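> Give the three-dimensional model of this entry:
(one chain, ligands or ions: 1)
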Amino acid sequence: MAAKDLPKDKLFNLYYNMLLTRQFEDRLSKLYRQGKIFGGIFLSTGQEAIPAGTCAHLRDDDVISPIHRDLGAFLIKGMDPKILMAQILGKATGPSKGRDSFLHAGSKKLGIIPPTSILASTIPIAAGVAFTFKLRGKDSVAVSYFGEGGSNRGDFHEGCNFAGIHKVPLVLICENNKYAYSTPVEKEMAICCVSYRAESYGFQGLLVDGNDVLAVYDAMQIAVERARAGGGPTLIECMTYRIRGHSEHDEAKYQPEAEKQEWKKKDPITRFKGFLTEKAGFGESEEEEMLKRISAILDEAAQFALDSPFPPGESALEDVFAPDEGVRSTHLTIESRQKPVVSGETNL
Ligand SMILES: Cc1ncc(C[n+]2csc(CCOP(=O)(O)OP(=O)(O)O)c2C)c(N)n1
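Numbering: from 1, shown residues only. Predicted structure coming up:
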């Protein structure tokens, strides 16, 4: 069903998820300015239609691979705001138990692959997860999020190439927000659109208005249906804009003010509110009720994170290596390797 024809509760839910993402990140920004967060925070203000429109199609058994600007995807895929907030504040109650703040947290249970710091390195990982779904005969889908900047790295090519050859159930979501840190998109690549590249890997690229949640939802529907039916990957390029700096310490003076103002007018939340008001009887009281609900959730999350302890120093060396289950060592010991079969005299 096209997004515009969805029942009221589903439309309201899309709006709620966009609002939750915006409010969660605004709260983080405040905590950052109060000195409660060590390290950077990378916010997605103006890009909220992308996680809301894409995650709306996902089931519990699907897996996402978010990157640094995808807190919305973490939340919508089901991560408890309390736990996510604790992670970002570097507390022992976060998924990485205070080993770092922000980036490297995921959840096996929720199907969230932890991001890495190396841009695009998670694309081949997500392609591998999708390959596993295919090998196991499951109709689950893997979704890989990345920026247009990341798409210029070799890992993007390797992941797409593998996904195209093996027709794996992977949806690639490129969030083209026009800047990779301070580099504008025209200095990142010689073509206009990342989605054009999909054809060279043997699958379809879709180009959508990433600030229109209805368009994002419709594109994701095509991609997810294709993936579940065994039709292989799709790349969806969501055209959007990074309204704030790369991270909260970055004033982004390199972004022209007029450009920023122009994109502020295309705010996905305001735009969708206009649609809902006209088509679904959404009014101020509905929005107020949502904001109240979100505010209570965020108050609780912030309190939980602030009250949580930092990990004790003595625990720094815990969880550094995966437990040795005896599998790797049998592969690695020289004694257990078969000597290669060779003919003639060799030094082997
Ligand atoms: C391989 C690699 N190069 C450089 C960086 C530093 N870096 C972190 S985020 C970023 C910009 C990423 O831009 P993009 O992929 O478009 O995503 P966006 O931040 O715009 O959402 C850069 C250059 C990195 N993390 N990894």
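
> Now do the strands in the stretch 51-200 of the chain.
63-65, 142-147, 170-176, 179-180, 183-184 (DSSP state E, counting those that start in this stretch).

> mind putting those in TSV, mean neighbour count, distance to the ligand and mean pLDDT included?
(Glycine included, C-beta is placed from N, CA and C.) TSV is the format used below for these (neighbours: other CB atoms under 10 Å; distance: least, CB to the nearest ligand atom, whole Å; pLDDT from 0 to 100):
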stretch	mean neighbour count	distance to the ligand	mean pLDDT
strand 63-65	27	14	98
strand 142-147	28	2	98
strand 170-176	29	6	99
strand 179-180	20	3	98
strand 183-184	14	7	98
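
> Please see if the longest helix that the chain contains touches the ligand.
As assigned by DSSP state H, the longest helix anywhere in the chain is helix 8-33. No. Remark: helix 8-33 sits outside contact range of the ligand, by CB under 6 Å from any ligand atom, the gap being at least 13.1 Å.

> in that helix, what's buried?
Neighbour-count burial for helix 8-33 flags 11-12, 14-25, 27-29, 31-32 (criterion: 16 or more other CB atoms under 10 Å).

> OK, contacts around Ile173?
Ile173 makes contacts with Ile50, Thr54, Val143, Ser144, Tyr145, Phe146, Ile236, Cys238, as judged by CB atoms under 8 Å, 6 or more residues apart in numbering.

> redo that, cut-off 7 Å
By CB atoms under 7 Å, 6 or more residues apart in numbering, the contact set of Ile173 is Ile50, Thr54, Val143, Ser144, Tyr145, Ile236, Cys238.

> So the first one sits against Met239, correct?
Looking back up the chat, that one is Ile50. No. Contact criterion CB atoms under 7 Å: Ile50 and Met239 do not qualify, at 10.2 Å.

> Show me the common contact partners of these two, please.
In contact with both Ile50 and Met239: Gly210, using CB under 7 Å, 6+ apart.

> In terms of neighbours, single out the busier of the two.
Ile50 (31 against 22; other CB atoms under 10 Å).

> what sits against the residue nearest to that one when sequence neighbours are not counted?
Counting by CB to CB, 6 or more residues apart in numbering, the nearest residue to Ile50 once its immediate chain neighbours are dropped is Cys238, at 4.9 Å. Cys238 makes contact with Ile50, Ile173, Cys174, Glu175, Asn176, Val208, Gly210, Val216 under the criterion CB under 7 Å, 6+ apart.

> All set, thanks.
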